[in-house]
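*Asks:* Here is a sequence with its predicted model. Questions after.
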Amino acid sequence: MHSQDLASMSSAEYDGFRKSFSMAAAIRMSWSNVKIDVAPDQSTATVTIDVTQDFTPKGSKTPMREADHAVFHLIKQQNGTWVIKDRK
């Protein structure tokens, strides 16, 4: 994660991430069914994925699994880098 990503994160989001990481012995993320649709003018894109997270709390050997579907809307910056505009 880049420092600019942290800067654009709300304090509630940051605190949530910090708490999750402090409680974890391990966090494993995997993606499947990735679909990327780039607009004809190549200024925006939509990425849809299925996300699976295995979270192992400190003091436990058994991970808890959570699955979700995510949609990311991206915009292309003038320098050619892609930035996540929002996630649903």
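*Replies:* That came through fine.
*Asks:* make it CA atoms for all contacts and neighbour counts henceforth
*Replies:* Will do.
*Asks:* ok now do residue 23, which residues does it touch?
*Replies:* Shown here is residue 23, whose contacts under the criterion C-alpha atoms under 8 Å, 6 or more residues apart in numbering are 57, 58.
*Asks:* Report the outermost residue of this structure with respect to its centre.
*Replies:* With distances taken from the mean C-alpha point of the chain and given as C-alpha atoms, centre = their mean, the most distant residue is residue 59, at 25.6 Å.
*Asks:* That residue belongs to a helix, doesn't it?
*Replies:* No. Going by DSSP: H, G, I helix; E, B strand; the rest coil, the assignment for residue 59 is coil, not a helix.
*Asks:* any idea how far residue 66 is from the closest residue to it other than its chain neighbours?
*Replies:* Counting by C-alpha to C-alpha, 6 or more residues apart in numbering, residue 25 is the residue found nearest to residue 59 once chain neighbours are left out, at 7.4 Å. The gap separating residue 25 from residue 66 is 16 Å, by C-alpha to C-alpha, to the nearest Å.
*Asks:* mean confidence score for the helix or strand harbouring residue 27?
*Replies:* With elements taken from DSSP states H and E, the one containing residue 27 is strand 24-38. Confidence over strand 24-38 (mean pLDDT, whole number) is 95.
*Asks:* Does anything pack onto it? Which helices or strands?
*Replies:* Contact analysis of strand 24-38 by 3 or more C-alpha pairs under 8 Å, 6 or more residues apart in numbering; DSSP states H and E lists strand 44-57 as its packing neighbours.
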